[in-house]
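**Student:** here is my input, please return the structure:
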Amino acid sequence: MEPKSEDDYSNIRVRLLVANDNYYKQNKGSSEETRLEDPQLQHEFVSGPTSFSRTCFNGLNALSGVGILSVPSALASGGWLSLIFLFIIAISTYYTSLLIQRCMDIDPTITSYPDIGKRAFGKCGRMLVSATIGVVASIVLLGSIFWAAMFDGLGFQANGTQFINWKGMPTAVSLYAFCYCAHPVFPTLYTSMINPKKFSKVMLVCFLLCTISYASMAIVGYLMFGPTVLSQITLNLPTNKISSKVAIYTTLVNPIAKYGLMIKPLVISFENQLPVNSNKRVFSILIRTALVISTIIVALAIPFFGYLMSLVGAFLSITASIILPCLCFLRISGIYRTLGFELVVIVGIVIMGIAIMIVGTYTSVVEIIGHL
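**Tutor:** Numbers count the residues shown, from 1 in each chain. Sure, this is the predicted structure:
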């Protein structure tokens, strides 16, 4: 086995909740391993310390993000019929999360999402995957919106709502896609489980609960404000109500808590390009500072939350959550050599993803340019 290069350690590290804080001390040096039962995948897989329920919580935390703020606007853009695409994307991304698991089953050396790209397409694949890379906050936010509707006098009204709006459909679908971009974290969840064979059940629970949360927020927000709903539903809330303040302040928790995780792949990518004899600590501080400043500049220069999230959803989320997992699995598993039902399904998902990416990206860019 060839020695690993420095690039092989450029993985996303996520701190997870574990069942026992003393696990690593108690099991240090232990050689106990869990063998997968699938007869087609005979290799050793080392289990982790995280239980089923804790992994579900970590998965929900990865999937629950600021996208919940924009789903009412997405529903207003596409109309009631666009909810079908929310469920289609949810099912597709759930299936691609299982493809990630199967890729890791085939090759036990895969421990991160970039590793899957490297295993499938070499170093270029690893670079591509690396570049595309809040449970409590979501619950509190959803509860606050319900409270504002029921007890703060905002109420529900269906006046002005549309059944279908084809012009706004690309924006709606792109915003829905933004809600399901957590796939880079899934390999970490998988390798951390005590019983990795239950990973598919974890994904089912996570995607089901998050989809219910997103759909509920979309429906409630659209019924409350109709076509006047803004890109962030919190902008529609009256600032003098307690429930509104809770919802607004809660929205600050999730992006602040996840900011470090989201920029970590970029930091690692830049740090790997540094010379071996350079002062990495100084350069690391400079890189992180530059990324924070650039983030602020982008936020101030393009203050269009909805259109920017739509662009990210169409271009990056669709690529990382739908297209790349399918292509990597086809390459690693080799099932593309034989025509079968699963191959047809995967190819269909890829075609759908490419169509959404092209149309959604074009629409988002046009909207952003038009509002500059």
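
**Student:** all helices for the stretch 251-372 of the chain, in order.
**Tutor:** For the stretch 251-372 of the chain, helices defined by DSSP state H, counting those that start in this stretch occupy the ranges 280-301, 305-312, 318, 324-333, 341-371.

**Student:** out of the ones you listed, deepest packed?
**Tutor:** Comparing the helices of the stretch 251-372 of the chain by mean neighbour count (mean count of other CB atoms under 10 Å), helix 318 comes out on top with a mean of 31. Bear in mind the C-beta positions are built from the backbone N, C-alpha and C, glycine included.

**Student:** which one of the helices of the stretch 251-372 of the chain lies nearest to Lys201?
**Tutor:** With CB to CB, the closest approach to Lys201 among the helices of the stretch 251-372 of the chain belongs to helix 324-333: 18.7 Å.

**Student:** tell me the helices and strands packed up against the closest one.
**Tutor:** helix 83-106, helix 113-131, helix 341-371 (3 or more CB pairs under 8 Å, 6 or more residues apart in numbering; DSSP states H and E).

**Student:** quick one: residues in contact with it.
**Tutor:** With contacts defined as CB atoms under 8 Å, 6 or more residues apart in numbering, helix 324-333 is touched by 96-97, 99-100, 102-103, 106-107, 116-117, 119-121, 125, 128-129, 132, 183, 335-336, 343, 346-347, 349-350, 353.

**Student:** so Cys181 sits in a helix?
**Tutor:** No. Looking at Cys181 with DSSP: H, G, I helix; E, B strand; the rest coil, it is coil, so not inside a helix.

**Student:** share the number of residues neighbouring it, please.
**Tutor:** The number of residues packed near Cys181 is 25, by other CB atoms under 10 Å.

**Student:** and the helices and strands packed on helix 324-333 as JSON lines, adding mean pLDDT?
**Tutor:** JSON lines is the format used below for the helices and strands packed on helix 324-333 (pLDDT from 0 to 100):
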{"stretch": "helix 83-106", "mean pLDDT": "88"}
{"stretch": "helix 113-131", "mean pLDDT": "67"}
{"stretch": "helix 341-371", "mean pLDDT": "87"}
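
**Student:** buried residues in stretch 188-206, which are they?
**Tutor:** 188-194, 196, 199, 202-203, 205-206 (16 or more other CB atoms under 10 Å).

**Student:** whichever of the contacts of helix 324-333 end up buried, select them in ChimeraX.
**Tutor:** Entered in ChimeraX, the line below selects the buried ones among the contacts of helix 324-333, by 16+ other CB under 10 Å:
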select :96,97,99,100,103,106,116,117,119,120,121,125,128,129,132,183,346,349,350,353
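
**Student:** check contacts around the closest residue to Glu342 other than its chain neighbours.
**Tutor:** Closest residue to Glu342 apart from its sequence neighbours, by CB to CB, 6 or more residues apart in numbering: Ile335 at 6.5 Å. By CB under 8 Å, 6+ apart, the residues touching Ile335 are Phe329, Glu342, Leu343.

**Student:** how about Asp107?
**Tutor:** Counting by CB under 8 Å, 6+ apart, Asp107 touches Arg119, Ile332.

**Student:** out of the helices of the stretch 251-372 of the chain, the one nearest Ser51 is which?
**Tutor:** Of the helices of the stretch 251-372 of the chain, nearest to Ser51 by CB to CB is helix 324-333, at 25.4 Å.

**Student:** and the angle for the closest one with helix 341-371?
**Tutor:** Inter-element angle recorded for helix 324-333 and helix 341-371: 150 degrees (by axes from the mean of the first three to the mean of the last three CA atoms, to 10 degrees).

**Student:** using CSV, write out every CA atom in helix 324-333.
**Tutor:** C-alpha atoms of helix 324-333 as CSV (Å, rounded to 0.1, in the frame of the first residue of the first chain):
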residue,chain,number,x,y,z
LEU,A,324,-21.8,14.0,-8.4
PRO,A,325,-23.1,11.2,-6.1
CYS,A,326,-24.7,9.5,-9.1
LEU,A,327,-21.7,9.9,-11.4
CYS,A,328,-19.3,8.7,-8.7
PHE,A,329,-21.4,5.6,-7.9
LEU,A,330,-21.7,4.7,-11.6
ARG,A,331,-17.9,5.0,-11.9
ILE,A,332,-17.0,3.2,-8.7
SER,A,333,-19.6,0.4,-8.9
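
**Student:** coming back round to it: go through the helices and strands packed on helix 324-333 and name the closest to Lys167.
**Tutor:** Closest among these, once you apply CB to CB, is helix 341-371, at 9.1 Å.

**Student:** helices or strands up against that closest one?
**Tutor:** helix 83-106, helix 169-178, helix 305-312, helix 318, helix 324-333.

**Student:** quick check: mean pLDDT across the fourth one?
**Tutor:** Meaning helix 318. For helix 318, the mean pLDDT works out to 86.

**Student:** mind listing residues that contact that helix?
**Tutor:** Ser174, Ala177, Gly353, Ile356, Met357, Gly360.
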